[in-house]
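Student: heads up, no residue letters with this:
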């Protein structure tokens, strides 16, 4: 009934002792997530409301069997925190931290290719499988368990659209906030592939935004590999066109990066593209009813 | 009837225009290997007895569909030559070059983990599937097609033992000279796994030598994953004990690295270990007859 | 952050990449002097953070010091495509044998870097990429390996033999610059082969990763040089993402995705947004007051749409923030307030209880957008 | 190539790793002077390319300049475990609070690097690794990422808090040294915490990758300092791999694996090899003559076994090479020649035709070994 996180998730929080880290750790635990450890260099041996703190991820994994990590450490240290989790054998890392330098993330991205670690983020709200586990900052209250998988580049749109779904009584298997940084972990394609393979997901939603060509590539993937229905939403039809100096970006992607181009690419492969967040929920409801 | 190289091999030779490169390229072609291209920076557009030369591997692959590379370039440039082949999508690289710095090979080794490229060597004689393709410097005349797979750390022992096999009428599916450098591509485990999965290999031979713990790890692998018979030979029972300064090496492997320890590890998992090269052939003959 | 050409060229020189001699000029007379120093002629170029200068009159070949002064005067007076121009770059004219193009860019589709090179300079590179992509060599560069000699060989293989060595040197140094200075783009268009055999960078486009600015204090200092609208500056200083647009409905929202979505929904309701303003996670009275001040300072605004989805942010806190802000800022136009998500009902109760004459509380995003559009039409 | 401790410590200092003050001494009087300079006492250590000095009398704590001179004299006179000692290192005595162990080594089982650290210094580290492996922290270091701060944290977590910062600094610099200087091993045993809180390297073991020597000319120069047997030097200069052993059958073969195998087969035939000599791919008359000269210069040799498997090397060429070599070198003992592989029959025909009185041609390795063993027994 979910992907990425579930009742078997044993969560470790890197940067748990900071203000944000503590707040969301306890919030995730209150939601029912099995939070087993925190890691803050130099604070090993302390605890936060009973959750033991370790100096290194390796020690924490050794002592607690943690299999998932959530990262709240500052942008200067967050990329290394991801590498540390990967080296310690953590299977899923959700990096909430915003503002990590792209070069650092490029190194992380290349390194993770040779490992068994899946990264969500950075600069993302994390992942929730309603009723099972919440790893990140998505407000669990707006979610209900169900059979719709959801992946979004934008964080606040996750909350908004999940709220619209829940208001209509449509539950979610897993909601993934993949983050919108140029170099990031799993994207639309990996998420859609997981949902396609998840027997407890009937339909998936993807919400994109202007810039890059993630949505265009997702469209190709859907055409080739996705049988389940997909509903999409793209934000930014009216967004200010970014100033642009170089041409290399456009040459690389071969895409204009506009919302219109993305919507068109998706519609061309049979994906229904909603024009407002509330229309997303309506289309999903119609599709599930049909 | 083989692994790694066969009738579908389309060979490209990096460093083909050098003396050694030219000699072995033509020898491999005379054996029947489909040699499609050479690569030597700055010599693009030339040819060697009809084999076109390109400036880069990418260009050669694009023009000829090469899927295998053999490397003869000097030790200063050979590590990059491997990376170049990997980036160009070459599936199998046999690096004959001797004397590559370990640090360069460590980088290559780490990089290849995230790619689909298999490396044999460096400092190795290459791979031959008798009657199908010869990629490297193993004298094809001593080999005959058959159903015994062979992998060796030592180069000259490949020739010696294959000769003993052939003299007794025992043919080989594929002979792999994996090379003995500290950091190398495929080893015993990968080779044995391939032979185990090859329907045209009935029995496998591995020949090791003193130093490291490759043979000990192969023994564990055989115990767990190999059903076909394995005959082994270890050289160096009487070899001079290397002078040794640090302790770290022994701590790392937990192995003494002696021939006796290796033979013992293999015999403990039911592998027959010959004491002389001629005994290898005799044991294989007995085993195949039994 | 996009650097001015002259800043990019300073970086190029610091990394050993050859560029023409040039002088940054803030006045026409300086351009004339530069031309005299270069033997009587100069290329005069506007310094702005956008491309397309060649076609837009932003680059002028001047055959005399007087011509250079005239060109500089025009550029400094008229600006470029709506951008203020406070400096031009005057450079020596060089005898060009052939023009090429090269760039290295962070490639978000692979998470690595992509290096490009083509011998077809002097044409529109995007058109070339579309119509004859085979003329552009592309090389993926793994961040853990860096740019290797075979990458360089593959790239420069696109160029005539005479230019290969010089271009190889440039591209190696471009990658060093990109890596050491956290650039996400370095682009040279055109890279040229001179009559004397040298290969030099006639242009320099460098984009620096904003997230990496903390480790490059010199770039943060450069950022001060870019002219910025005073209203945008105020928003930026308050930690708000603000962009001025040309519509009439002021927009305030929390989260970039939601604000973008709000712009779209307002457009569908038949109105146009006057701005993009993202307050991020904060919704304090201070933030709200600054946001309203920023938006109300725009005379085109006929109503304001505050669109808050409470996730971590609680709507009751937002409601109190809005009310407190309105004790400090005079609401000169109606404010449509939509509160949804965490504690939305309590937030709406607070707003309803305050009965502020300029606040219209609407529960959903679509209805709120319709109401904002209606109010802005009424006020027209 | 294993460096002497004092060379390793020069590298350590060049990379900022703290070490005790020390002087390299070639004479007892220099050791006494060093002790005087260090306040009257010194540790005197033999400089050799092997470990185990502590247990073997290679390290002596000297409480007076005279004692230092006596120790140095003994070491320089007696050597160490069969090794010539031409220099000792005299170092200041320091007040040690606690001893640790750390090392970084190329790990052939992963193809990467492994860093080790333990708080249990002063014990035999191999025994510790066997009996209480949990006391040693091990960290895999990916060559493409290098040593990261979390690796360092994980390693130094093994140490008492007072030593962590100092040890972190040492291990970071050890990795830099290893990487920049192409070392395959850097080992510090013991790494110590001094009473004053400093963490310093009391010992330095550095092994440099022989394959990387071409890019480190300073190491190649160092190599000249190691005493080498004149016979080994001659073989080395001719490009031969030669190691002296203590048996009576001289061995010449092509390829390290085949030569090792030859040693084994000779042992099974009841004799012992006098040496290991690999002529590699070459089998010219020159190579063969030098090889025979090297081997025949050993008075223990009673017969020579030349074991050639012709792969690329052709046996007819080898046969001619051996015959030509014997016109230049006097064969004082019988030579058993086994030619097999490419062109073996022609090679044997050439040998048989020459009817050289000292050559016995035998077709297989096993029979040749038996013949060599028999001949050496006869000559005893």
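Tutor: Right, received. Where do you want to start? Everything numeric here is computed off the predicted structure, so don't read it as measured data.
Student: give the helix, strand or coil label for whatever residue of the stretch 101-250 of chain A ends up closest to chain D.
Tutor: Per Cβ to the nearest Cβ, residue A:111 is where the stretch 101-250 of chain A lies closest to chain D, at 6.1 Å. Quick note: C-beta positions are derived from backbone N, CA and C, even for glycine. Look at residue A:111: counting by DSSP: H, G, I helix; E, B strand; the rest coil, its state is helix.
Student: cool, and the one 4 residues further on?
Tutor: Following three-state DSSP, we place residue A:115 in the coil state.
Student: all strands for the stretch 1-150 of chain C, in order.
Tutor: Here the stretch 1-150 of chain C has its strands, by DSSP state E, counting those that start in this stretch, at C:22-25, C:42-46, C:59-62, C:88-91, C:96-107, C:112-118, C:136-141.
Student: any chance of these in CSV, with distance to residue C:270 too?
Tutor: Converted to CSV, the strands of the stretch 1-150 of chain C look like this (distance: least, Cβ to Cβ, whole Å):
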stretch, distance to residue C:270
strand C:22-25, 47
strand C:42-46, 38
strand C:59-62, 42
strand C:88-91, 43
strand C:96-107, 39
strand C:112-118, 42
strand C:136-141, 44
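Student: could those be laid out in TSV, adding mean pLDDT?
Tutor: Converted to TSV, those look like this (pLDDT from 0 to 100):
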stretch	mean pLDDT
strand C:22-25	97
strand C:42-46	97
strand C:59-62	95
strand C:88-91	98
strand C:96-107	96
strand C:112-118	96
strand C:136-141	96
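Student: so which of those gets nearest residue D:145?
Tutor: strand C:112-118 (15.2 Å; Cβ to Cβ).
Student: list the contacts of that closest one.
Tutor: Residues from elsewhere that reach strand C:112-118 (Cβ atoms under 8 Å, 6 or more residues apart in numbering or on different chains): A:106, A:109-110, A:248, A:251-252, C:100-107, C:125, C:128, C:135-143, C:147, C:151, C:155-156, C:158-159, C:167, C:171, C:175, C:178.
Student: go again with 7 Å.
Tutor: A:106, A:110, A:248, A:251-252, C:100-107, C:128, C:135-143, C:147, C:151, C:155-156, C:158, C:171 (Cβ atoms under 7 Å, 6 or more residues apart in numbering or on different chains).
Student: where's the closest residue to residue C:18 other than its chain neighbours, which helix or strand?
Tutor: Using Cβ to Cβ, 6 or more residues apart in numbering or on different chains and skipping the chain neighbours, the partner closest in space to residue C:18 is residue C:200 (4.1 Å). Here residue C:200 sits within strand C:199-201, counting by DSSP states H and E.
Student: tell me what that strand is packed against?
Tutor: Here strand C:199-201 touches helix C:161-180, strand C:183-194, going by 3 or more Cβ pairs under 7 Å, 6 or more residues apart in numbering or on different chains; DSSP states H and E.
Student: and the longest one, what's buried?
Tutor: The neighbour-count criterion (16 or more other Cβ atoms under 10 Å in any protein chain shown) identifies C:163-164, C:166-175, C:177-179 as the buried residues of helix C:161-180.
Student: just to revisit the earlier point, give me every residue that touches the residue nearest to residue C:18.
Tutor: Residue C:200 touches C:18-20, C:192, C:194, counting by Cβ under 7 Å, 6+ apart.
Student: kindly report the same for residue C:369.
Tutor: Contacts of residue C:369 were listed using Cβ under 7 Å, 6+ apart, and they are C:265-266, C:269, C:305.
Student: partners of the strand holding residue C:200 in the sheet?
Tutor: Strand C:199-201 has its sheet partners listed here by DSSP bridges as strand C:183-194 (antiparallel).
Student: how about residues contacting the strand it pairs with?
Tutor: Contact with strand C:183-194 is made by A:102, A:246-248, C:94-106, C:121-122, C:125, C:162-163, C:167, C:170, C:174, C:177-178, C:199-209, as judged by Cβ under 7 Å, 6+ apart.
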